[in-house]
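Trainee: I'll drop the sequence and a predicted model, then ask my questions.
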2 protein chains.
Amino acid sequence: MIDWIAFDADDTLWRNEEYYLQGRDEFFKILAKYDLSPEQISEFDRFEVANIPYFGYGVMSFVLSMIELAIDLTAGSIDPRDIQHIIQLGKRMLTHEVVVFQGVEELLKSLAGDYPLMMITKGDLFHQQRKIEESGLRTYFKALEVVSEKDPSVYAEILRRHQIQPDRFLMIGNSLRSDVLPVLELGGWALHLVDHPTWSHEDDPLAESSQERFLEAEGIPQVYDCLMEAGVLQE
Amino acid sequence: MIDWIAFDADDTLWRNEEYYLQGRDEFFKILAKYDLSPEQISEFDRFEVANIPYFGYGVMSFVLSMIELAIDLTAGSIDPRDIQHIIQLGKRMLTHEVVVFQGVEELLKSLAGDYPLMMITKGDLFHQQRKIEESGLRTYFKALEVVSEKDPSVYAEILRRHQIQPDRFLMIGNSLRSDVLPVLELGGWALHLVDHPTWSHEDDPLAESSQERFLEAEGIPQVYDCLMEAGVLQE
């Protein structure tokens, strides 16, 4: 029933969101001395999303948004050395160890014999490539696609380029907005990793109607059985 | 003699370096009030190159390097509002109009009938894709490759993926370091656009020995005749 299986990477194959949450925590610690209210600090999400059209997704965008917010909230009175601390925190985020989730390698091994696997990941090209290399997982993937957005047109272009029929394509990921909904919209299969950590911006309520070709698993260790039960994999 | 023709994009198909030069000028104007010496300001190149392993190539990397340098040179005494000005200058650089060089569209039109064309460009994925769309040139290219580095291994991977023999591949670009030398090293053809503006980091002396498969043209309007004279194009 399936010709290709694709995986998201950040928060699907390896830890990611927790580094952003740690980054935010460090950022709020840096700002603590400026006596800001929780309401002011909660502006961060708005700044970050407003900057996507300029900077896209990724750590550099996150860092530039933190700097802008810090200057804005302190009405320009922030100590510039604290801005330097924010940049240093970004550099740590860009070079942290890549921690692959439990069960990922076993799952890829068990699938790669029967299916070509593809990685479709969103964000800074440079950082994503560093993480792919460092993960040690590159060898399992026949195709790598780093994209700047994950919408139906981007998936359609990937499917066209690899000559894949949408209903013979399965995408596995943690984000309803980026990994599941656009693929279902094209008529493909999507498996949602329900218990994986996910940035709030990547949440999106599924349409009310029950969706054909939509699967759910708690996490990576449950994926193989889920696919077998759904009859998606060849016996 | 050739199966594919590839083009660099920044400073080959459209203006780029001049926006960085303008960005530097604006940056130095912002710093003018801090009484820095020309020697101090000339540290910028060093900062920018030292940050490539963290941030890669592109405007966000450039902006973060300016911010770091500004804080460093003023020993933390810079007005944070000037840091905000640096970020705004970066946002203008990320959204400026894309100005295609004279003769590009005619050249692509005259080649695209006989050869599949590829664009191979380095930098921020998000910004590069915006420029590709805005240039109006996308339609001429059969393949687009945005890469984070341009070295022989990256070119080799592209050639492998598209099943191109190196000696049947021609790369056209303004940068000796990125567009010419790695392709010659693989045994491919390379055409250097001698008079196009080029970031100093992208300069690289050619090896002394006369290089086979190395061509030179002043600029885009001279490319077609140069290829014909060299006998690279089929009559």
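Mentor: Thanks, I have the structure now. These numbers come from a predicted model, not from an experiment. Numbering: from 1, shown residues only, chains lettered A, B, ... in the order given.

Trainee: For chain A, spot the helix or strand the model is least confident about on average.
Mentor: helix A:38-41 (a mean of 84; mean pLDDT, DSSP states H and E).

Trainee: immediately after that helix, which helix or strand?
Mentor: helix A:44-50 (DSSP states H and E).

Trainee: gap between the two ends of stretch A:136-145?
Mentor: 17 Å (CA to CA, to the nearest Å).

Trainee: If we go by neighbour counts, what in that stretch is buried?
Mentor: A:137, A:140-141, A:144-145 (16 or more other CB atoms under 10 Å in any protein chain shown). No exception for glycine: its C-beta is placed from N, CA and C like everyone else's.

Trainee: Looking at these, spot the one nearest residue A:88.
Mentor: Minimum distance to residue A:88 across these is 28.6 Å, recorded for residue A:137 (CB to CB).

Trainee: quick one, what contacts the closest one?
Mentor: A:13, A:100, A:104-105, A:108, A:119 (CB atoms under 8 Å, 6 or more residues apart in numbering or on different chains).

Trainee: need the residues you listed in JSON lines with secondary structure and pLDDT, can you?
Mentor: As requested, the contacts of residue A:137 are arranged in JSON lines below (DSSP: H, G, I helix; E, B strand; the rest coil; pLDDT from 0 to 100):
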{"residue": "A:13", "secondary structure": "coil", "pLDDT": "98"}
{"residue": "A:100", "secondary structure": "strand", "pLDDT": "98"}
{"residue": "A:104", "secondary structure": "helix", "pLDDT": "98"}
{"residue": "A:105", "secondary structure": "helix", "pLDDT": "97"}
{"residue": "A:108", "secondary structure": "helix", "pLDDT": "98"}
{"residue": "A:119", "secondary structure": "strand", "pLDDT": "97"}
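
Trainee: Quick check: of those, which has the highest neighbour count?
Mentor: residue A:13 (28 neighbours; other CB atoms under 10 Å in any protein chain shown).

Trainee: how near is the residue sitting furthest away from the middle of chain A to residue A:43?
Mentor: For chain A, the C-alpha farthest from the mean C-alpha position belongs to residue A:77; by CA atoms, centre = their mean, that distance is 34.4 Å. Going from residue A:77 to residue A:43 by CB to CB, to the nearest Å gives 17 Å.

Trainee: returning to what we had before: what's the residue farthest from the centre of chain A sitting at in phi/psi?
Mentor: Per-residue torsions, residue A:77: phi -100, psi 10 (degrees, to the nearest 10).

Trainee: Pretty sure it sits against residue B:79.
Mentor: No: taking CB atoms under 8 Å as the definition, residue A:77 is not a contact partner of residue B:79, at 9.8 Å.

Trainee: Now flag whichever of the buried residues of stretch A:136-145 is closest to residue A:7.
Mentor: residue A:141 (8.0 Å).

Trainee: Need the phi and psi values for the closest one.
Mentor: The phi/psi pair for residue A:141 (degrees, to the nearest 10) is phi -110, psi 130.

Trainee: That one contacts residue A:115, doesn't it?
Mentor: No: contact criterion CB under 8 Å: residue A:141 and residue A:115 do not qualify, at 11.0 Å.

Trainee: ranges for the helices of chain A?
Mentor: For chain A, applying DSSP state H gives helices covering A:17-31, A:38-41, A:44-50, A:52-55, A:59-73, A:80-95, A:104-112, A:125-135, A:152-161, A:181-185, A:223-229.

Trainee: Any buried residues in the longest one, and which?
Mentor: Same thing as helix A:80-95. A:80, A:82-87, A:89-91, A:93-94.

Trainee: Keep only those of these that are also close to chain B.
Mentor: Contacts with chain B within those, as defined by CB under 8 Å from any CB of the partner chain: A:80, A:83-84, A:87, A:90-91, A:94.

Trainee: Quick check: the farthest pair among those residues?
Mentor: Every pair of those checked by CB to CB; the farthest is A:80 and A:94, at 21.1 Å.

Trainee: thinking again about what came up before, the residue farthest from the centre of chain A and residue B:80, how far apart?
Mentor: Going from residue A:77 to residue B:80 by CB to CB gives 7 Å.

Trainee: Around chain B, pick out the residues from chain A.
Mentor: Residues of chain A lying near chain B by CB under 8 Å from any CB: A:54-57, A:60-61, A:63-64, A:67-68, A:70-72, A:74, A:76-81, A:83-84, A:87, A:90-91, A:94-95, A:124-127, A:129, A:146-148.

Trainee: What's the PyMOL line that selects buried ones from those residues?
Mentor: Applying 16+ other CB under 10 Å to the residues of chain A next to chain B, the buried members can be selected in PyMOL as follows:
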select buried, chain A and resi 54+55+56+57+60+61+63+64+67+68+70+71+74+78+79+80+83+84+87+90+91+94+124+125+126+127+129+146+147+148
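
Trainee: tally of neighbours for residue A:75?
Mentor: Neighbour tally, residue A:75, other CB under 10 Å: 10.

Trainee: just checking, residue A:151 touches residue A:182?
Mentor: Yes: with contact defined as CB under 8 Å, residue A:151 reaches residue A:182; the gap is 5.4 Å.

Trainee: With neighbour numbers in mind, choose between these two.
Mentor: residue A:182 (22 against 13).

Trainee: ok, the more buried one - contacts?
Mentor: A:150-152, A:154-155.

Trainee: any chance of those residues in TSV, plus pLDDT?
Mentor: Formatted as TSV, the contacts of residue A:182 follow (pLDDT from 0 to 100):
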residue	pLDDT
A:150	95
A:151	96
A:152	96
A:154	96
A:155	98
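
Trainee: Among those, which pair sits farthest apart?
Mentor: Pairwise over the contacts of residue A:182, using CB to CB, the maximum falls at A:150 and A:152, 9.1 Å.

Trainee: For the two, indicate the residue with more neighbours.
Mentor: More crowded of residue A:150 and residue A:152, by other CB under 10 Å: residue A:150, with 25 against 15.

Trainee: okay, now the domains of chain A?
Mentor: With domains defined by automatic domain parsing, chain A comprises A:4-15+A:99-229, A:17-95.

Trainee: Of all the ones you listed, which one comes closest to residue B:177?
Mentor: So among the domains of chain A, domain A:4-15+A:99-229 is nearest, using CB to CB, at 17.3 Å.

Trainee: Same list, the buried residues of stretch A:136-145, but as TSV with distance to residue A:230 and pLDDT please.
Mentor: Formatted as TSV, the buried residues of stretch A:136-145 follow (distance: CB to CB, whole Å; pLDDT from 0 to 100):
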residue	distance to residue A:230	pLDDT
A:137	24	97
A:140	22	97
A:141	23	97
A:144	26	94
A:145	24	95
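
Trainee: and of those residues, the nearest to chain B?
Mentor: Of all those, the one with the least separation from chain B (CB to the nearest CB) is residue A:144, at 9.9 Å.

Trainee: Point out where chain A drops to low pLDDT.
Mentor: A:202-210, A:235 (pLDDT under 70).

Trainee: OK, contacts around the residue lying closest to residue A:7 once chain neighbours are set aside?
Mentor: Nearest residue to residue A:7 in three dimensions, chain neighbours excluded: residue A:172, at 5.1 Å (CB to CB, 6 or more residues apart in numbering or on different chains). Listed by CB under 8 Å, 6+ apart, the contact partners of residue A:172 are A:5-8, A:12, A:179, A:190-191, A:193, A:223.
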